[in-house]
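Peer 1: Got a sequence here, can you build the structure:
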Amino acid sequence: MKRLHNKPGFAQSALDAINTKVKTLNAEGRLCIISFDEMSLKSNVIYQSNTDELIGLEDLGDGNKTNSLATSAIVFMARGLVENWKQPLAYYLVNESCGSEKVKEKLEDVIKKVEKIGLNVVAVISDIGSNFQKLIREMGITPDKPWFIHNGKKIYYLYDPPHIIKAVRNNLIKYDYHFDGKVASWRDIIALYNIDSKNEYRCCPKLTNQHVFPNGFQKMKVKYATQVLSHSVSAAMLLAVSGNLLPPSATGTAELVSHFDKTFDCLNSSTFKSHKPHNRPMTKDTKHCDCLKEMCLFTKKIEVKNPATGKDVTSNLRCLKALEMTLNGTFLLWQSLQSSYPSIKFLCTRRLNQDPLENFFGCIRQQGGNSDNPTPVQFTRAFRKLFFDNLLSSTTGNCAEDLDSILVGSAASSKGDDQPNSILESNSSMDETHVVQPFNLNDTDYRLPDVEEHLMRTNALTYVAGYLLKKCMQKHRCEACLKCLIHDELDDPSKLLCHFKAYDERKGPFGSLIAPTGHFVQYINNIEQIFVKEFDNSMTKIGVGQLVVNALPEYNVPECTAFPSKYLVKLFVRMRIHYLVKFRNRELAKTTGPFV
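Peer 2: Purely as a prediction, here's the structure:
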């Protein structure tokens, strides 16, 4: 490892190694994007005796070193657009921030070198830093012309969507957004949170103080922005307006939130299994292109004003122009791919961001003992190691951990061959001397976003009842059950959340969601009351879940004996314990006292 290249810039040995890998890729596999960003370093100079030089000074490669201290490193990385690979390419040590002229010079050099070994660069991605903003101005890149020409070929310039969504949220905290005679204000989000957080069943269960009142560090986390600017928050706000809990003006905030939720979905698609249509990959048959154009026009209409002074500050914000350019650039890139590569049937737009580079920075920090700001020598050594350890490696850093695997793994160690796999397969009741079975469900997606975002009291309860019923219908579905349990008419205010949550109203007022009958919702409400009492009595005992299950009545469907009533009770108990613990832990973070 010590003999490997360890200097800023490219090394021929590194290019040769990448070239060997590139030869194994087909034309579509060679399509790539170049992302680049800066990482802050701790100023420190050491003498490296084996090369007889000082490390820690500004170094732009090829012997171009100054006597200024290096305070940051700019890194360039390639990532496959279609194939699942990524590769760090080069780095440079700079003082303060890398100027736009130098960034342009190094970017053009990177593109030239990687294309020489066979890669095909179709886009470049950066955050919305001031030096990168200056770069695009100097290159003549605009929202209407989001590309530059390199060797006669168009290369699209996109901004990192996670950085954009954070900036949009940060500015919404400070300013009001005006559009179409409406106003979106962060005050409406605070008011919604104050109403919803008092309930056991919440319309926005993910929202916490960190989301609504973020500090400096929390403002850096993407999830705190996307979970506020979400479809669930928009639906809950419309519900609150319809119930006169919020003023009618809050519909402007709900509309803005909905637009940005849809926008981020379009720019962050990854799997066809997503329950949100715009969060699925782009194809020639999906509505992503219409959405991108619609959101681009919407973004142009927004005026940002200081609520205290009424001053228009739109021209001072970088994020809206960056968003407009990224929307248009993504649209034009997809059109170009369809024209030049007919074999490409879909595009996962999550590949058009800086996540692999951010993950790479995280790995570098870990190499230095989890240091947020490594020294220049720590950075160079970590870069060298990670470069050759992960040559054209598969991109897995931004994949969420599989919760089902963890649960199965933890349960498997305690099971015997003759024991049931979960409580769903056990018909026995339980006393204190009974062997305790793991309280597992084969269906654990009550933790996933399509459930966790959907828990103001009666509407939330109705939604939860609909979810539980949907899971039961996956076990058994017949005409008697459909007639007795489902009522797809918007004839009750308790169904408004289900209506506002629907993605495709062409299927009815509730889209793909299930609207349960009032009788079924009342049953869920009844067992909720019993649950609260029995959980208090059983929480200190082993087998708490089974003890609560034994105390709950089952739901009987007339004319159908196959309805999975036992499964329904067990699923309800498992879900309720999960949320009770989750919300109580949030409270414990702010105070101390008994658990319940």
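Peer 1: where in the stretch 1-150 of the chain is pLDDT low?
Peer 2: 1-6 (pLDDT under 70).
Peer 1: Could you list the buried residues of the helix or strand encompassing residue 384?
Peer 2: Using DSSP states H and E, residue 384 maps to helix 376-389. Buried residues in helix 376-389, counted by 16 or more other CB atoms under 10 Å: 376-387. Glycine gets a C-beta too; all of them are placed from N, C-alpha and C.
Peer 1: My guess is residue 77 contacts residue 356. True?
Peer 2: Yes. With contact defined as CB atoms under 8 Å, residue 77 and residue 356 form a contacting pair (6.3 Å).
Peer 1: Name the residues contacting each of the two.
Peer 2: Shared contacts of residue 77 and residue 356 (CB atoms under 8 Å, 6 or more residues apart in numbering): 35, 86.
Peer 1: before we move on, what SS does the most centrally placed residue in the chain have?
Peer 2: The residue lying closest to the centre of the chain (CA atoms, centre = their mean) is residue 223, at 5.9 Å. Three-state assignment for residue 223 (DSSP: H, G, I helix; E, B strand; the rest coil): helix.
Peer 1: gap between it and residue 206?
Peer 2: Remark: distance between residue 223 and residue 206 (CB to CB, to the nearest Å) = 9 Å.
Peer 1: Now stretch 508-519: average pLDDT?
Peer 2: Mean per-residue pLDDT for stretch 508-519: 87.
Peer 1: ugh, wrong one, stretch 469-476
Peer 2: 92.
Peer 1: contact partners of it?
Peer 2: Residues contacting stretch 469-476 (CB under 8 Å, 6+ apart): 443, 481, 485-486, 513-514, 516, 520, 562-564, 567-568, 571.
Peer 1: domain assignment for the protein?
Peer 2: 12-159+328-389, 163-326, 422-588 (automatic domain parsing).
Peer 1: what about the helices in the stretch 101-250 of the chain?
Peer 2: Assigned helices in the stretch 101-250 of the chain, in chain order: 130-138, 161-174, 186-196, 209-212, 222-226, 231-242, 250-266 (criterion: DSSP state H, counting those that start in this stretch).
Peer 1: I'd like to know which of those helices is closest to residue 146.
Peer 2: helix 130-138 (8.7 Å; CB to CB).
Peer 1: what's the offset of that closest one from the middle of its chain?
Peer 2: 27 Å (CA atoms, centre = their mean, to the nearest Å).
Peer 1: got the contact list for it?
Peer 2: Against helix 130-138 from outside (CB under 8 Å, 6+ apart): 97-101, 103-104, 126, 142, 157, 318, 325.
Peer 1: Among those, the buried ones, what's the PyMOL command?
Peer 2: Of the contacts of helix 130-138, the buried ones can be selected in PyMOL as follows, counting by 16+ other CB under 10 Å:
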select buried, resi 97+98+100+103+104+126+157+318+325
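Peer 1: Pick the one among the contacts of helix 130-138 closest to residue 212.
Peer 2: The closest of the contacts of helix 130-138, once distances to residue 212 are taken by CB to CB, is residue 318, at 24.2 Å.
Peer 1: how far away is the closest one from residue 324?
Peer 2: If you go by CB to CB, the gap between residue 318 and residue 324 works out to 11 Å.
Peer 1: swap in residue 104?
Peer 2: 22 Å.
Peer 1: still on that earlier bit, now do the helix holding residue 384: which elements does it pack against?
Peer 2: strand 53-55, strand 72-80, strand 86-94, helix 355-367 (3 or more CB pairs under 8 Å, 6 or more residues apart in numbering; DSSP states H and E).
Peer 1: could these go into CSV alongside distance to residue 266 and mean neighbour count?
Peer 2: What follows is the helices and strands packed on helix 376-389, written out as CSV (distance: least, CB to CB, whole Å; neighbours: other CB atoms under 10 Å):
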stretch, distance to residue 266, mean neighbour count
strand 53-55, 44, 16
strand 72-80, 19, 23
strand 86-94, 22, 24
helix 355-367, 16, 19
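Peer 1: quick one: which of those is nearest residue 113?
Peer 2: Comparing the helices and strands packed on helix 376-389 by CB to CB, strand 86-94 comes nearest, at 7.9 Å.
Peer 1: what angle separates that closest one from helix 130-138?
Peer 2: Taking axes from the mean of the first three to the mean of the last three CA atoms, to 10 degrees, one finds that strand 86-94 is oriented at 100 degrees with respect to helix 130-138.
Peer 1: how distant is strand 86-94 from the center of its chain?
Peer 2: 26 Å.
Peer 1: between that strand and helix 355-367, how big is the angle?
Peer 2: Going by the same axes, to 10 degrees, strand 86-94 makes 60 degrees with helix 355-367.
Peer 1: Alpha carbons of strand 86-94, as CSV, please.
Peer 2: Extracted C-alpha coordinates of strand 86-94, given in CSV (Å, rounded to 0.1, in the frame of the first residue of the first chain):
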residue,chain,number,x,y,z
LYS,A,86,-18.7,4.2,-8.4
GLN,A,87,-15.0,5.2,-8.4
PRO,A,88,-13.1,8.1,-6.7
LEU,A,89,-10.9,9.6,-9.3
ALA,A,90,-8.7,12.4,-8.0
TYR,A,91,-8.3,14.9,-5.2
TYR,A,92,-6.6,18.3,-4.7
LEU,A,93,-5.6,20.1,-1.5
VAL,A,94,-6.7,23.7,-1.5
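Peer 1: Which strands or helices does that strand pack on?
Peer 2: Helices and strands touching strand 86-94, as assessed by 3+ CB pairs under 8 Å, 6+ apart, comprise helix 12-22, strand 57-59, strand 72-80, helix 100-116, helix 355-367, helix 376-389.
Peer 1: Turn those into CSV, including distance to residue 470.
Peer 2: Shown next, in CSV, are the helices and strands packed on strand 86-94 (distance: least, CB to CB, whole Å):
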stretch, distance to residue 470
helix 12-22, 46
strand 57-59, 59
strand 72-80, 37
helix 100-116, 48
helix 355-367, 32
helix 376-389, 44
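Peer 1: Go through those and name the closest to residue 49.
Peer 2: Short answer: helix 376-389, nearest of these by CB to CB, at 12.6 Å.
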